[in-house]
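Enquirer: Kindly generate the corresponding structure for this input.
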Amino acid sequence: MDKYKKLASNTIIFAIGTFSSKVLTILLTSFYTRVMATGDFGGATLIQNAVNILVPVVTLAVNSAALRFAIDKSTDKKGVFTTGVATTLIGFAIFCLFSPFVSMIQINDFRLGEYAILLYVMLLGTSLRELTQQFVRGMGHVKIFALDGVIATGTTALFTFLYLGVFNFGIYGYILAIFTSDMLSVFFMFITVKLWRYIDFKNGLKKNIAFPMLKYCIPLIPTIILWWIINVSDQYIVTYYNGVAVSGIYTAAYKIPNLIVIFATIFINAWQLSAVDEYDSEGKAEFFTKVFKVYSGGLFVVGAFLITGSRIITSIYLGPDYYDAWHYEPILVIATTFSNIVNFYASVYMAEKKSVLSMLTAGTGAVTNIVLNFILIPKMGPYGAAIATAISFVLVFAIRVVNTKKFVNIKINWIRFALSFLLMIGSVCVMQFEIGGEWGSFGISLALTAAMILVNIGAVIDIVKLFLDKFLKKRGQSV
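Expert: Alright, predicted model coming up:
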């Protein structure tokens, strides 16, 4: 199969599983902001974000190694998965010893220690699901991976409405709905792929597999922590300076820019497989360049629409108590756009197995983010957090563009890229300062969005042609 068509095919398959879950996240956020107080929502997301950073630390980021090593056709898959399961369970057992310290944590008016049991329960479920997901994806079971996403969507919705809508469990309901869905997902993948065949603690733990996996994934731990600092630390610092209620509004503001992630995650899941498969081919530079053009162009166009519609989307999507979140959304759209562009360059490090370089480049952004957070948040509140995050991601992008050239020379049309960036900044300024009034700013921003489409029209056409060709081909075969 042609490498572009294979990428499109995998993207469509991943879209089936990913799109439904991302749409559900959107709908559930609307539900959360109507049934949960700002303080409860802020507290629940603080726990969720804490789990997201603890997973790679506790499990040594072994799920990333499970994906990368499962992709290699010559690797002993039983050794890979056994190593992953053993590392995850041992890490969780060790972390349980720190429960007395976890129970003492308090941030401003939110006592995390009161919900320590929820943190541990969610940590276990998330760790096991991420490991099984990545191993199944690396094995090439993309359809099962996608189907799991659909099933997880349904179970998450069911348990969320049950625990929050019917029983009104608050923070407990928010976390337990995720945990229950995660464990059902693990069970589903174990049954469908027969994952027990890949677990053998007696003979499956081999030094020639375990050591290379750990050598690859351990440097990813600080990398993931550094990404967490850029993505999430601002919520904790906002909580520290402004309280959990303001933090809840700022967290809700993140949900609108995360609509970009629907587009990006679907693609990146497929792209990582193609990047590794095609990495040793002679035309890899041209392949990476063409895909980057389409991917970045699509991100800029989607981002422009979200900035323009931020006020309207917020009023429809979030509860009345969260309306002020729209003020921070346009800036966070820039941050999220560059976050996803940076993830494209991460595929180069993944293919090269250069996890240390991934860590060092992320570290620059993390340090910048922390410094700017403590400078800007006390003076500007959530605005300062959003600006710090955006600057950090733009900086990491610039560093990775230079740093990855020695591996793959990805050629960027800098005129088009710069115009897209400037149009996005212009749209943010128009919306933030309400130039022309409420509806006037909307009209001006809409015109800038039209200009964004024209600037990236080549990428838009390529996306449409590639996927139409794939769908039409499938339809022709079924006739």
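Enquirer: SS state for D200?
Expert: coil (DSSP: H, G, I helix; E, B strand; the rest coil).
Enquirer: my guess is I237 meets A385, correct?
Expert: Yes - under the contact definition of C-beta atoms under 8 Å, I237 touches A385, with a separation of 6.8 Å. Every C-beta, even on glycine, is put in place using the N, C-alpha and C of the backbone.
Enquirer: neighbour-wise, which of those two wins?
Expert: In this comparison of I237 against A385, neighbours counted by other C-beta atoms under 10 Å, the higher total goes to A385 at 30 against 22.
Enquirer: Could you report the pLDDT at the more buried one?
Expert: Listed pLDDT for A385 reads 91.
Enquirer: Also I444?
Expert: Confidence at I444, expressed as pLDDT, is 92.
Enquirer: One more: I331?
Expert: With respect to pLDDT, I331 scores 93.
Enquirer: Then L395?
Expert: Residue-level confidence at L395 comes out at 95, pLDDT.
Enquirer: Give me the buried stretch members for the helix or strand that contains it, please.
Expert: Assignment of secondary structure by DSSP states H and E places L395 within helix 382-403. When neighbours are counted by 16 or more other C-beta atoms under 10 Å, the buried residues of helix 382-403 are found to be 382-397, 399-401, 403.
Enquirer: overlap in contacts of I237 and A385?
Expert: With C-beta atoms under 8 Å, 6 or more residues apart in numbering applied, the overlap between the contact sets of I237 and A385 consists of N373, I377.
Enquirer: which other residues reach stretch 400-411?
Expert: For stretch 400-411, the surrounding residues in contact (C-beta under 8 Å, 6+ apart) are 284-285, 288-289, 292, 342, 345-346, 348-349, 351-352, 354, 357, 361, 412.
Enquirer: ditto for stretch 151-163
Expert: When contacts are taken as C-beta under 8 Å, 6+ apart, the neighbours of stretch 151-163 outside the stretch itself are 20-21, 23-24, 27-28, 31, 169, 172-174, 176-178, 180-182, 184-185, 188.
Enquirer: in it, what counts as buried?
Expert: Buried residues in stretch 151-163, counting neighbours by 16+ other C-beta under 10 Å, are found at I151, A152, T153, T155, T156, A157, F159, T160, F161, Y163.
Enquirer: Report the rounded mean pLDDT for that stretch.
Expert: Within the predicted structure, the mean pLDDT of stretch 151-163 is 89.
Enquirer: ditto for stretch 238-250
Expert: Here the mean pLDDT over stretch 238-250 is 85, rounded to a whole number.
Enquirer: And it, how far out from the chain middle?
Expert: On the basis of C-alpha atoms, centre = their mean, to the nearest Å, stretch 238-250 sits 22 Å off its chain's mean C-alpha point.
Enquirer: Could you tell me the end-to-end distance of that stretch?
Expert: Across its full length, stretch 238-250 reaches 8 Å end to end, with C-alpha to C-alpha, to the nearest Å as the criterion.
Enquirer: any residues touching it, and which ones?
Expert: With contact meaning C-beta under 8 Å, 6+ apart, stretch 238-250 is reached by 37-43, 45-46, 107-110, 234-236, 321-322, 324-325, 328, 377-378, 381-382, 385.
Enquirer: before we move on, back to that, distance to K215 and secondary structure added to the buried residues of stretch 151-163, as CSV?
Expert: As requested, these are exported to CSV (distance: C-beta to C-beta, whole Å; DSSP: H, G, I helix; E, B strand; the rest coil):
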residue, distance to K215, secondary structure
I151, 34, helix
A152, 31, helix
T153, 36, helix
T155, 36, helix
T156, 35, helix
A157, 40, helix
F159, 38, helix
T160, 39, helix
F161, 44, helix
Y163, 41, helix
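Enquirer: follow-up on the earlier one: just after the helix holding L395, pick out the following helix or strand.
Expert: If you walk from helix 382-403 toward the C-terminus, the next helix or strand you reach (DSSP H and E) is helix 414-432.
Enquirer: Alright, I will stop here.
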